[in-house]
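Asks: give me coordinates for this.
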Amino acid sequence: MGEPLFDLWIYLSTTPLLGLTVTLAAYIGADALYRRTGRHPAANPVLWAVLLLCGLLWITGTDYGTYFEGAQFIHFLLGPATVALAVPLYAAVKRAARSLPAAIVAVLCGAVTASGSAVGIAWLLGAGEATLLSLAPKSVTTPIAMGVSDRIGGLPSLTAVLVILTGILGAVIGPPLLSAVGIKGWMARGLAVGVTGHGIATARALGVHPVAGAFSSLAMGLNGVATAVLIPLVLTLLTG
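Replies: Model prediction:
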């Protein structure tokens with residue numbers, strides 16, 4: 001049994017199929033664990049898939065470039081997947097329209113808090129300028145965050161890692177924290193996780209309740225626009 005698996009690994013490691021195959025296998029395994037635990041937040045499939053992939057690449061000595069040759073096919077789907085999150089929002093468009101003014105105010109407050117608190121804490125801990133600029137857009141979806149980071153002088157690659165970590169933490173910690181502080185309304189819960197955890201947390205919200213998923217999608221979109229506009233504007237005012 002071991003020898004066929006070893007031969008399969010040798011074959012895959014020399015082709016772009018490696019990244020695609022191990023990514024799909026890791027996520028399928030992590031999702032199975034997630035379902036078996038009754039969708040417990042700590043068993044978030046993105047978190048465990050990332051850990052599995054990191055462990056596998058480390059054990060086998062596979063460099064990231066080799067892995068990404070295949071994983072880029074999944075990476076390409078990030079944009080369409082993000083756009084697809086608008087589908088549940090469309091299904092709840094009437095309710096979203098009635099709540100839009102309140103949602104905009106909440107998202108703006110959340111965007112300022114998410115960015116400002118991260119940059120402020122990092123500054124107090126002595127982080128450098130490049131790190132601070134890379135942290136500023138960490139609460140929006142990856143394509144927007146990397147674009148903002150590049151525009152303001154941050155490190156897009158570092159921002160991408162921070163975005164993923166933020167999304168995972170939002171999906172894992174967000175729901176229990178909201179329950180602990182007594183926030184039960186699905187609209188409020190959706191807005192909260194959408195602002196703080198972007199697509200990863202929104203996917204989690206969709207699996208919990210359709211209203212939470214719809215408003216999480218709304219918050220993620222509004223937060224992306226707010227962050228893309230406000231961060232460069234604030235930086236220009238501070239440095240100009």
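
Asks: how about Gly154, secondary structure?
Replies: Classification of Gly154 by DSSP: H, G, I helix; E, B strand; the rest coil places it in coil.

Asks: oops, could you answer that again for Arg39 instead?
Replies: coil.

Asks: make sure it is actually in contact with Gly207.
Replies: Yes. Arg39 is within contact range of Gly207, at 6.3 Å (criterion: C-beta atoms under 8 Å). From N, CA and C alone the C-beta is placed, and that goes for glycine too.

Asks: need the longest helix for this structure.
Replies: helix 210-239 (DSSP state H).

Asks: show me what that one is packed up against.
Replies: In terms of contacts (3 or more C-beta pairs under 8 Å, 6 or more residues apart in numbering; DSSP states H and E), helix 210-239 is packed against helix 86-91, helix 93-98, helix 100-124, helix 142-152, helix 186-208.

Asks: okay, those helices in a markdown table with mean pLDDT and mean neighbour count next?
Replies: A markdown table is the format used below for the helices and strands packed on helix 210-239 (pLDDT from 0 to 100; neighbours: other C-beta atoms under 10 Å):
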| stretch | mean pLDDT | mean neighbour count |
| --- | --- | --- |
| helix 86-91 | 72 | 16 |
| helix 93-98 | 76 | 12 |
| helix 100-124 | 89 | 16 |
| helix 142-152 | 86 | 20 |
| helix 186-208 | 84 | 25 |
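
Asks: so where is this structure shaky, pLDDT-wise?
Replies: Within the chain, the segments meeting pLDDT under 70 span 1-16, 240.

Asks: would you mind giving the domain segments of it?
Replies: 1-76, 82-240 (automatic domain parsing).

Asks: among the helices and strands packed on helix 210-239, which comes closest to Gly61?
Replies: Comparing the helices and strands packed on helix 210-239 by their distance to Gly61 (C-beta to C-beta), the top pick is helix 142-152, with 26.9 Å.

Asks: output that closest one in CSV with nothing but the alpha carbons.
Replies: This file holds the C-alpha atoms of helix 142-152, laid out as CSV (Å, rounded to 0.1, in the frame of the first residue of the first chain):
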residue,chain,number,x,y,z
THR,A,142,-7.9,39.3,-1.0
PRO,A,143,-8.0,40.9,-4.5
ILE,A,144,-9.1,44.3,-3.0
ALA,A,145,-6.7,44.1,-0.1
MET,A,146,-3.7,43.3,-2.2
GLY,A,147,-4.6,46.1,-4.6
VAL,A,148,-4.9,48.7,-1.8
SER,A,149,-1.7,47.4,-0.2
ASP,A,150,0.2,47.8,-3.4
ARG,A,151,-1.2,51.3,-4.0
ILE,A,152,-0.3,52.6,-0.5
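
Asks: which parts of the next helix or strand after that helix are buried?
Replies: From helix 142-152 onward toward the C-terminus, using DSSP states H and E, the following helix or strand is helix 156-180. Within helix 156-180, the residues that count as buried by 16 or more other C-beta atoms under 10 Å are 156, 158-160, 162-164, 166-175, 178.

Asks: which residue lies nearest the spatial centre of the protein?
Replies: Closest to where the C-alpha atoms of the chain average out (C-alpha atoms, centre = their mean) is Gly167, at 3.5 Å.

Asks: surely it meets Gly194?
Replies: No. The criterion here is C-beta under 8 Å, and Gly167 misses it with Gly194 at 10.7 Å.
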